[in-house]
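1. Next one to model:
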Amino acid sequence: MASADEPPNKSDSDADWHPADILAALKKRGHSLAGLSVANGYHPTAAGKALKTPWPTMEILIAEALGVSRDTIWPSRKGLVQNVRRGRPGRNKK
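-> As a prediction, the model looks like this:
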């Protein structure tokens, strides 16, 4: 079984972690998505949305709770232009 600092399937190391693997890793460390959201001033469902949609701020909070970098969990999201305040791709104001 893979450790928390590497993707669960080493042969597919460029793939994002599966949401179930992220949830399991959080649970092993005594965290939950809702708990992370609320502890950081977000709605309880906020962190769950980061599993499906790029949201750099929430991704960083999840990664910190797991003790890994955001790029380790979501390598496909590396380099996306994001408005970190809103967390939406391509929505930067000029």
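2. Report the central residue of this structure.
-> To find the centre residue of the chain, average its C-alpha atoms and take the closest one (CA atoms, centre = their mean): that gives residue 59, at 3.3 Å.
3. Checking my notes, that one in a strand, right?
-> No: the secondary structure assignment for residue 59 gives helix rather than a strand, going by DSSP: H, G, I helix; E, B strand; the rest coil.
4. I figured it hits residue 77, correct?
-> Yes: taking contact to mean CB atoms under 8 Å, the distance of 7.1 Å between residue 59 and residue 77 places them in contact. Bear in mind the C-beta positions are built from the backbone N, C-alpha and C, glycine included.
5. shared neighbours, these two?
-> In the contact map built from CB atoms under 8 Å, 6 or more residues apart in numbering, the residues linked to both residue 59 and residue 77 are residue 70.
6. Show me which positions of stretch 41-56 end up buried.
-> Of the residues in stretch 41-56, those buried under the neighbour-count criterion (16 or more other CB atoms under 10 Å) are 42, 46-51, 54-56.
7. the helices in the protein, which residues?
-> 19-28, 33-39, 46-50, 56-66, 70-73 (DSSP state H).
8. Find the one among the ones you listed with the highest mean neighbour count.
-> Stretch with highest mean neighbour count among the helices of the chain: helix 46-50 (a mean of 22; mean count of other CB atoms under 10 Å).
9. looking just at contacts, which helices and strands does that one meet?
-> Of the remaining helices and strands, those touching helix 46-50 by 3 or more CB pairs under 8 Å, 6 or more residues apart in numbering; DSSP states H and E are helix 33-39, helix 56-66.
10. Swap in 10 Å and give it another go.
-> In this structure, helix 46-50 packs against helix 19-28, helix 33-39, helix 56-66, with contacts taken as 3 or more CB pairs under 10 Å, 6 or more residues apart in numbering; DSSP states H and E.
11. how many degrees apart are the last one and helix 19-28 in direction?
-> Meaning helix 56-66. Per axes from the mean of the first three to the mean of the last three CA atoms, to 10 degrees, the angle that helix 56-66 makes with helix 19-28 is 50 degrees.
12. what distance separates helix 56-66 from the middle of the whole chain?
-> For helix 56-66, the distance between its averaged C-alpha position and the chain's averaged C-alpha position is 5 Å (CA atoms, centre = their mean, to the nearest Å).
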